[in-house]
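Q: Generate coordinates for the sequence data below:
(chains A and B)
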Amino acid sequence: MSKYVKLSFDKGGLNTQLAEFFSGMLENQAVDALMAPMAQPKKGVMQTLVTSKDNLEPLDPFAPVMPVNSAKLASSLTAKPSGKRIAMVLRSCEVRALVELVKLKQANLDDTLLIGMDCLGRYENTDFLKFQAKQGTSESFLEGALNGKTESEGFDVAGACKICEQPVAPNVDIRICAIGSGAGSLYLEAVTEKGEEALSKAGAKFVDAPGGRDDAVKKLSAARTEARDALFASYREETGTFDALEEKLAACINCYNCRVACPVCYCKECVFVTDTFRHKGEQFIGWANSKGSLKMPTDTSFYHLTRITHIAAFCVGCGQCTSACPNDIDVMPIFRTSAAKAQARFDYEAGRSLDEPQPLSVFDNDELLEVTGQSK
Amino acid sequence: MSEFEPKIVSFFCNWCTYTAADLAGTSRLSYPPNIKIIRVMCSGMVDPKYVLKAFLNGADGVLIGGCWPGDCHYINGNLKARRRVALLTELLDQYGIGPDRLWLRWIAASEGTMLKEVADEMTEKLKELGPSPLNKTTTKVA
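A: Predicted structure coming up:
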């Protein structure tokens, strides 16, 4: 049973209100530390870890930017326990990626308090700086986005966000609800007992659920799902042949940025940087000889296809891969469409539940009989 | 196109399917030379990369042979292989390689006849399908 706390704020007071609340959490030792997006001294907004209530002034969780998918940060904070209770403010895609990392034993939620914020999208990193330069604020973004307008002058939220059907984070202890909360107010929802305890310690007064939130969330998800399905359909048509896929990937230079940016690319050492792919000069000459010519660097399509087989079951659609590409290859639809098919095949959804085993970690005698089509 | 001879890269498990191929040989059963056998210790060690690499290098088909469920020498390697093949077929299908080009079959050590049948059947099927879209070498013959 969810419980809600209402935070009302005047114009310009969103972050101050939130900072005040989190300050109560730290002061009353509901948690020992907080990781949340905060304005940086020079420019930009990044996840920042603080342990004292005095350092919360730059707090800005709703800034429409996500420089990295914080599931990776959560993994570095928790894979080897710190012994401290850490609250983390994360977006839906970050929480879902984190759930997959927990199942891969690369993160641990024992001492964490997960706070999921409603997400209406993020700008690309460079666009966000332009947005800030034009005096754009989290409040101005939220105000527009809640009315369906995310576009700023000349740029819009990332492609991945436009088709994200999960603006509300699952599997969290507390939610910061902006969708359907009404202008000038936010709600903090205690989703779990742990969440309720933390809110109580921070001195929360529980109130009724915000009327109209469920409908507003459903409406937004439905619109995004429609956009997603439309993109999937057109993308699948465009890449129905291998040549079409190669055309999409033609500018790939094997920088592996998409792999580094991907929160669920879980290998500790990527096979593509091991000796397996450190070929001898004579091998390259041999291939050039047998094929007539050899595009260098080699194995670009191979790399992406392999990455799909590794992450198809875990992809949460955060779009960091596209953001990271130096040659503007829109790789997100490649991974998302393949992931959707793979996850459907195994009746699995990345980030949905901590209890569902990952598809390639379990198997059964009497399943998938159609693969071989044989019976005894 | 009648001259098209598909290249089928085959990963056969040491304990069952490879032994079945051996049995087919000693029983003087002939199966098409289109099947190029690579002996692996278990179908469960066939990394999806091996399959992808085979297709990227122009194989028209990939055949993975393993022990029947319950008979795996390593208890359950074949069941892992089945999940991976299910994943791969989804992927191959999306990018026009066609799920019919990747086969997983259970063939026990005693089933030399079945090995011949599967080899015949797959070669026939791939002749029907024609060269893989990634097989750039067959077009040279006028």
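
Q: When you work out contacts or count neighbours from here on, use the C-alpha atoms and nothing else.
A: Fine.

Q: Let me know the secondary structure of the most centrally placed residue in chain A.
A: Per CA atoms, centre = their mean, the C-alpha nearest to the average position across chain A is that of A:C93, at 2.7 Å. For A:C93, the assignment made with DSSP: H, G, I helix; E, B strand; the rest coil gives helix.

Q: In contact with it, which residues?
A: For A:C93, the contact set (CA atoms under 8 Å, 6 or more residues apart in numbering or on different chains) comprises A:69, A:166, A:169, A:316-318.

Q: So what's the residue count around the closest residue to chain B within chain A?
A: Minimum separation of chain A from chain B (CA to the nearest CA) falls at A:T241, amounting to 4.2 Å. Neighbour count for A:T241, taken as other CA atoms under 10 Å in any protein chain shown: 19.

Q: ok, now A:S234?
A: Residues within reach of A:S234, counting by other CA under 10 Å, total 10.

Q: Let me have the contacts of A:C93 in CSV, extended by secondary structure, neighbour count and pLDDT.
A: Formatted as CSV, the contacts of A:C93 follow (DSSP: H, G, I helix; E, B strand; the rest coil; neighbours: other CA atoms under 10 Å in any protein chain shown; pLDDT from 0 to 100):
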residue, secondary structure, neighbour count, pLDDT
A:N69, coil, 23, 97
A:Q166, coil, 24, 96
A:A169, coil, 25, 97
A:V316, coil, 30, 97
A:G317, coil, 26, 97
A:C318, coil, 28, 97
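
Q: Of those, which pair is most distant in space?
A: A:N69 and A:Q166 (15.5 Å; CA to CA).

Q: where's the residue nearest to the centre of chain A relative to A:E124, distance?
A: Using CA to CA, to the nearest Å, one obtains 15 Å as the distance from A:C93 to A:E124.

Q: Convert the C-alpha atoms of the helix or strand encompassing B:I38 to PDB, please.
A: B:I38 is part of strand B:35-40 when elements are defined by DSSP states H and E. Presented in PDB, the C-alpha positions along strand B:35-40 are these (Å, rounded to 0.1, in the frame of the first residue of the first chain):
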ATOM      1  CA  ILE B  35      28.600 -30.400 -44.300                       C
ATOM      2  CA  LYS B  36      32.000 -29.200 -43.000                       C
ATOM      3  CA  ILE B  37      32.400 -30.600 -39.600                       C
ATOM      4  CA  ILE B  38      34.100 -28.900 -36.700                       C
ATOM      5  CA  ARG B  39      34.400 -31.100 -33.600                       C
ATOM      6  CA  VAL B  40      33.600 -29.400 -30.300                       C
END
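
Q: Now do the helix or strand just after it: everything it contacts.
A: Using DSSP H and E, the helix or strand that follows strand B:35-40 in sequence is helix B:48-56. If you take CA under 8 Å, 6+ apart as the criterion, helix B:48-56 is touched by A:302, A:305-306, A:309, B:9, B:61-62, B:84-85, B:88, B:132, B:134-135.

Q: circling back to that earlier point, hmm, B:D93 and the residue of chain A closest to chain B touching each other?
A: No: A:T241 is beyond contact range of B:D93, at 9.1 Å (criterion: CA atoms under 8 Å).

Q: circling back: ranking the contacts of helix B:48-56 by neighbours, who comes first?
A: B:G61 leads these on contacts (other CA under 10 Å) with 28 neighbours.

Q: Backbone dihedrals for the residue in chain B that chain A sits nearest to, please?
A: Residue of chain B nearest chain A, by CA to the nearest CA: B:G96 (4.2 Å). Main-chain torsions, B:G96, degrees, to the nearest 10: phi 80, psi 10.

Q: show me what contacts the residue nearest to it when sequence neighbours are not counted?
A: Closest residue to B:G96 apart from its sequence neighbours, by CA to CA, 6 or more residues apart in numbering or on different chains: A:T241 at 4.2 Å. Listed by CA under 8 Å, 6+ apart, the contact partners of A:T241 are B:94-97.

Q: Make a ChimeraX selection of whichever of these turn out to be buried.
A: Buried members of those, defined by 16 or more other CA atoms under 10 Å in any protein chain shown, are picked up in ChimeraX with:
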select /B:94,95,96,97
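
Q: and the two most separated of the contacts of A:T241?
A: Across the contacts of A:T241, the longest distance by CA to CA is 7.7 Å; it joins B:Q94 and B:I97.

Q: so which strand or helix has the residue positioned nearest the centre of chain B?
A: The C-alpha lying nearest the average C-alpha coordinate of chain B belongs to B:L63 (CA atoms, centre = their mean; 0.8 Å). B:L63 is part of strand B:61-66 when elements are defined by DSSP H and E.

Q: before we move on, back to that, in the strand holding B:I38, which residues are buried?
A: For strand B:35-40, the neighbour count (16+ other CA under 10 Å) marks B:35, B:37, B:39-40 as buried.

Q: same deal with stretch A:53-64?
A: Result for stretch A:53-64 [16+ other CA under 10 Å]: buried residues A:53, A:56, A:58-64.

Q: For it, C-alpha coordinates in CSV please.
A: Output in CSV follows, covering the C-alpha atoms of stretch A:53-64 (Å, rounded to 0.1, in the frame of the first residue of the first chain):
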residue,chain,number,x,y,z
LYS,A,53,23.2,17.8,4.6
ASP,A,54,25.1,21.0,4.0
ASN,A,55,26.1,20.1,0.5
LEU,A,56,22.7,19.7,-1.0
GLU,A,57,22.3,23.1,-2.4
PRO,A,58,23.2,22.3,-6.0
LEU,A,59,20.6,19.4,-6.1
ASP,A,60,18.8,19.3,-9.5
PRO,A,61,17.4,15.8,-10.1
PHE,A,62,14.9,16.9,-12.8
ALA,A,63,17.6,18.5,-15.0
PRO,A,64,16.9,17.0,-18.5
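
Q: how many neighbours does residue 78 have?
A: No chain was given, so I picked chain A. With other CA under 10 Å as criterion, A:T78 counts 22.

Q: if you could check chain B rather than the one you did, that'd help
A: 31.

Q: what do you get for A:P359?
A: 19.

Q: Same question for A:A216.
A: 15.

Q: try A:Q320
A: Neighbours of A:Q320 (other CA under 10 Å): 24.

Q: ok now do it, which residues does it touch?
A: If you count contacts by CA under 8 Å, 6+ apart, then A:Q320 has A:68-69, A:258, A:261-262, A:332 around it.

Q: Below-threshold pLDDT in the chain: ranges please.
A: Defaulting to chain A. Flagging of chain A using pLDDT under 70 yields the residue ranges A:1.

Q: Correction: the question concerned chain B.
A: Ranges of chain B meeting pLDDT under 70: B:1-2, B:138-142.

Q: Quick one: name the residues of it near chain A.
A: B:48-49, B:52-53, B:56, B:69-70, B:79-80, B:82-88, B:90-91, B:94-97, B:103-106, B:133-134 (CA under 8 Å from any CA of the partner chain).

Q: Would you list the buried entries among those residues?
A: Buried residues within the residues of chain B next to chain A, counting neighbours by 16+ other CA under 10 Å: B:48-49, B:52, B:56, B:69, B:79-80, B:82-88, B:90-91, B:94-97, B:103-106, B:133-134.

Q: Mind checking which of those are in helices?
A: Taking DSSP state H as the definition of helices, those contribute B:48-49, B:52, B:56, B:79-80, B:82-88, B:90-91, B:94.

Q: ok now do A:Q29, which residues does it touch?
A: Counted by CA under 8 Å, 6+ apart, A:Q29 has contacts A:K201.

Q: For beta bridges, what are the partners of A:L186?
A: Listed by DSSP bridges, the beta-bridge partners for A:L186 are A:L7.

Q: In this structure it contacts A:S8, no?
A: Yes: contact criterion CA under 8 Å: A:L186 and A:S8 qualify, at 6.4 Å.
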